[in-house]
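Asks: Let's see this in three dimensions:
(chains A, B and C)
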Amino acid sequence: MNPAELTHTIVFYGLALVSIVAALLVVTVKRIFRAAVALATVLVCGAGFYILLDYDFIAGIQLLVYVGGIVILIVFAVMLTSSLEDTEIRPSKSRKALGIISSLGFLATALIAFQSTSFPLSAPTPEQPSDVALEIGRKLLGYGSDGYVLPFEIISLLLLSAVIGAIVVARNPLKKSSDLSGQSEQSDGSAT
Amino acid sequence: MSFVPGLFHWLCLSTILFSIGLYGVMTRRNAVGVLMSVELLLNSAAMNFLIFNHFAAKPFIDGAVMALFIIAVAAAEAVVAMALFVAIFRSRKTVDVTQIDTLKG
Amino acid sequence: MLENLLTHSAFEILTLSDRAAQALAENPWEAAGYTLLALGGTGAFLSLLGMALIYVERKVAAHFQCRLGPMRVGWHGMLQSIADALKLLQKEDIIPEKADKLLFFLAPVFSIIATVLALIIIPMSPSLQVVDLNIGVIFISAVGGFGVLGILLAGWSSNNKWSLLGAMRAGAQFISYEISVTLSLLVITLLAGSLQLSEIVQSQQDGWWIWRGHIVGVVAFFVFIISSTAELNRPPFDLPEAESELTGGFHTEYSGLRFSFFFLAEFINMFIASALGATLFFGGWMPFHIGGFETFNSIMDLIPPGLWFAGKTAFIVFLMMWVRWTFPRLRVDQLMRLEWKFLLPVGFINLFAAATIVLTKLYFFPGQ
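Replies: Residues are numbered from 1 along each chain as shown, chains lettered A, B, ... in the order given. Modelled structure (predicted):
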């Protein structure tokens, strides 16, 4: 094992350990805000995995969108809907058992399937496109058999409708003023 | 079996993360917690696309494009979910998914 | 040496991580030395720069208000920051009784880690950069998210309503203005054709983007400077810690060393924003060049690149301080209106114009 491979292996197992422990915390911790911090850890480890797989650009986007956007939105949702002393009530025993059985069942089935399937692997060190970001840009806006311009446009429509829908849903119907002042009052109500 | 991470190791990792997320979706009572578990599921799905792209389709990068799409969908989903939580909390003063059952007959 | 400086080979990029990687195969100790140098250098730079910036801020503020500022400790108060740092370290470290202790502890750590991560990819001169990531621009706006996560953690875990309100304002402000910052960074990315900071610097060999990109470059610079001031929570956008409304905002409950972490991160973030602005719009360490005027360019090359970088960054830092002590604080609704109804449309139109200009090669010195 050469040094590069050794570091690759060590980093893989280290990140895997951290992200699995953090993922377990996300689903079990009683204080919901701590779960959000654990989620941020899992997502940062995810970016680390993407770098290990040579997709630096996707790792950057993961950090930018997930940590800079989604986690902060989730933290906002926590701040608006619960207070520091709130702890989640434990799930009932039957529900817990159901969850464990189904997730372990899924895990076992998937692992058996992976073990018994021989995937058509590509050659050990094939050429990676020199500039992944450039290549992704070409794909996203290309049309024809290998372009994704239609899904790209649909995603942009989806995002637009999500933003408009979110404003419509979250707006306080009782208030005529801008929805931002409504939001800050909401937070005040949940803090006290 | 070697310990150098190959396709199987990577798939194990993403599957473990997925099943942890599945457990969270089934057991979390707080709606924000359910949303977080869904984010775990989406993240491991995106990782799966990249894993297969890395090991089985290296010169092409279609898997990376799919991962980008998943990240975009996750962002849209988080925005809508947060708006819904705020609206539900405003009218019902709770985001416990077991308490929000007015549609139950 | 002089000959070396006069030719462009003086601008060979050699980051500390490159040096470490090169040395790893032959001499692991040398690689370890470079790693230690990078870590220790970043740490020392962080604390010294923080203290220097605090001193400069106080002096600039004082002169804007026709007073002298700190004058007692050392020559013209030069040692005032050190005295203040020592005082802060001696203070009692208070943790509120009902705080979430774990998160209360983690919050300043998040803030300072985000700052360090952003600092290591700034190219200060061709050989003074710790790592040179190929996704530099994306990375630097991504780690900003960690910083604001630290602020949100602080506000939440303090169990204080002023902290919570300040943190929520900071979060809302950050995600709003992040869009404008990214849009203006994308303009320069389009012009330079790269996300890597060192390549962006080298793409300005014929001139800085702020004048080569004429209208587009200037508009992008103004959008950048306004929205990054807002992202940094500096006045006139300091609503998250508006002391007349929220006592201290998110750091109300913090004291001693933990408070100094937030304070340091805030000032270093100002440096990082200025350095990023200098790198993208004013050519970073690249001397003032005009394509084709070789004699003029070689005279400009006599000034070492590190000095160019420091000068440009200092200029933008001064600009931010000037703004701080000139304008009154905005209200929340004015803040949001500025972003969503003014800066965002301007940013989008500017990005569109930049794409057109790049396609038609209407900027100065398009090269090949």
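Asks: what about the residue in chain B that chain A sits nearest to, distance to chain C?
Replies: Per C-beta to the nearest C-beta, residue B:24 is where chain B lies closest to chain A, at 3.1 Å. Glycine gets a C-beta too; all of them are placed from N, C-alpha and C. Per C-beta to the nearest C-beta, to the nearest Å, residue B:24 is found 20 Å from chain C.
Asks: In chain B, where is pLDDT below threshold?
Replies: Per-residue confidence for chain B (pLDDT under 70) gives these ranges: B:1, B:105.
Asks: And the helices in it?
Replies: B:7-27, B:31-56, B:62-92 (DSSP state H).
Asks: nearest to residue C:343, of those?
Replies: Proximity to residue C:343 (C-beta to C-beta) singles out helix B:62-92 among these, at 20.4 Å.
Asks: that older thread, so which of the helices of chain B gets nearest residue C:21?
Replies: Closest to residue C:21 of these is helix B:31-56 (C-beta to C-beta; 22.4 Å).
Asks: just checking, what packs against the particular helix or strand that has residue A:100 in it?
Replies: In this structure, residue A:100 is located in helix A:93-116 according to DSSP states H and E. Judged by 3 or more C-beta pairs under 8 Å, 6 or more residues apart in numbering or on different chains; DSSP states H and E, the packing partners of helix A:93-116 are helix B:7-27.
Asks: The helix it packs on packs against which elements?
Replies: By 3+ C-beta pairs under 8 Å, 6+ apart, helix B:7-27 packs against helix A:3-28, helix A:93-116, helix B:31-56.
Asks: any idea which of those helices is most buried?
Replies: helix B:31-56 (a mean of 23; mean count of other C-beta atoms under 10 Å in any protein chain shown).
Asks: And the residue of chain A closest to chain B?
Replies: For chain A, C-beta to the nearest C-beta, closest residue to chain B: residue A:27, 3.1 Å.
Asks: Let me see the contact set for that residue.
Replies: Counting by C-beta atoms under 8 Å, 6 or more residues apart in numbering or on different chains, residue A:27 touches A:35, B:20-21, B:23-24, B:27-28, B:33, B:36-37, B:40.
Asks: go on, residue A:16?
Replies: Counting by C-beta under 8 Å, 6+ apart, residue A:16 has contacts residue B:13.
Asks: Of the helices and strands packed on helix B:7-27, give the one that comes closest to residue A:84.
Replies: Closest among the helices and strands packed on helix B:7-27, using C-beta to C-beta: helix B:31-56, at 14.4 Å.
Asks: Any part of that closest one near chain C?
Replies: No: Helix B:31-56 lies out of reach of chain C by C-beta under 8 Å from any C-beta of the partner chain, never closer than 13.2 Å.
Asks: if we can go back for a sec, tell me the one among the contacts of residue A:27 nearest to chain C.
Replies: Minimum distance to chain C across those is 11.4 Å, recorded for residue A:35 (C-beta to the nearest C-beta).
Asks: so what secondary structure elements neighbour the top helix by length along chain C?
Replies: If you go by DSSP H, chain C has its longest helix at helix C:28-64. Packing partners of helix C:28-64 (3+ C-beta pairs under 8 Å, 6+ apart): helix C:16-26, helix C:80-90, helix C:101-119, helix C:256-281, helix C:305-324.
Asks: rewinding a little: burial count for the residue nearest to the residue of chain A closest to chain B when sequence neighbours are not counted?
Replies: Among residues not flanking residue A:27 along the chain, residue B:24 sits closest, at 3.1 Å (C-beta to C-beta, 6 or more residues apart in numbering or on different chains). Neighbour count for residue B:24, taken as other C-beta atoms under 10 Å in any protein chain shown: 27.
Asks: Quick check: the residue of chain B found nearest chain C vs residue A:167, distance?
Replies: With C-beta to the nearest C-beta, the shortest gap between chain B and chain C falls at residue B:79, namely 10.7 Å. Distance check for residue B:79 against residue A:167: by C-beta to C-beta, to the nearest Å, it reads 10 Å.
Asks: Same check on residue C:342?
Replies: Between residue C:342 and residue A:167 the computed distance is 19 Å (C-beta to C-beta).
Asks: now residue A:17
Replies: Residue A:17 sits 41 Å away from residue A:167 when distances are taken as C-beta to C-beta.
Asks: what do you get for residue C:41?
Replies: Distance, residue C:41 to residue A:167, using C-beta to C-beta: 47 Å.
Asks: Could you check which of the two has the larger neighbour count?
Replies: Ranked by neighbour count (other C-beta under 10 Å), residue C:41 and residue A:167 place residue C:41 first, with 15 against 12.
Asks: What is the least confident helix or strand in chain A?
Replies: Lowest by mean pLDDT, DSSP states H and E among the helices and strands of chain A is helix A:179-191, with a mean of 44.
Asks: Need the winner for burial among the helices and strands packed on helix C:28-64.
Replies: Taking mean count of other C-beta under 10 Å, helix C:256-281 is the most buried of those, at a mean of 23.
Asks: and after it, which helix or strand comes next?
Replies: Using DSSP H and E, the next helix or strand after helix C:256-281 towards the C-terminus is helix C:294-300.
Asks: Local confidence estimate at the one residue in the stretch 151-300 of chain C that gets nearest to chain A?
Replies: Scanning the stretch 151-300 of chain C for the residue nearest chain A gives residue C:161, at 4.3 Å (criterion: C-beta to the nearest C-beta). Note on residue C:161: pLDDT of 82.
Asks: And it, how far from residue C:167?
Replies: For residue C:161 relative to residue C:167 (C-beta to C-beta), the value is 11 Å.
Asks: ok, the two, which is more surrounded?
Replies: Each of residue C:161 and residue C:167 has its neighbours counted (other C-beta under 10 Å); residue C:167 has more, 32 against 16.
Asks: count of residues packed around the closest residue to that one other than its chain neighbours?
Replies: Nearest non-adjacent residue to residue C:167, counting by C-beta to C-beta, 6+ apart: residue C:155, 2.2 Å away. Residues within reach of residue C:155, counting by other C-beta under 10 Å, total 32.
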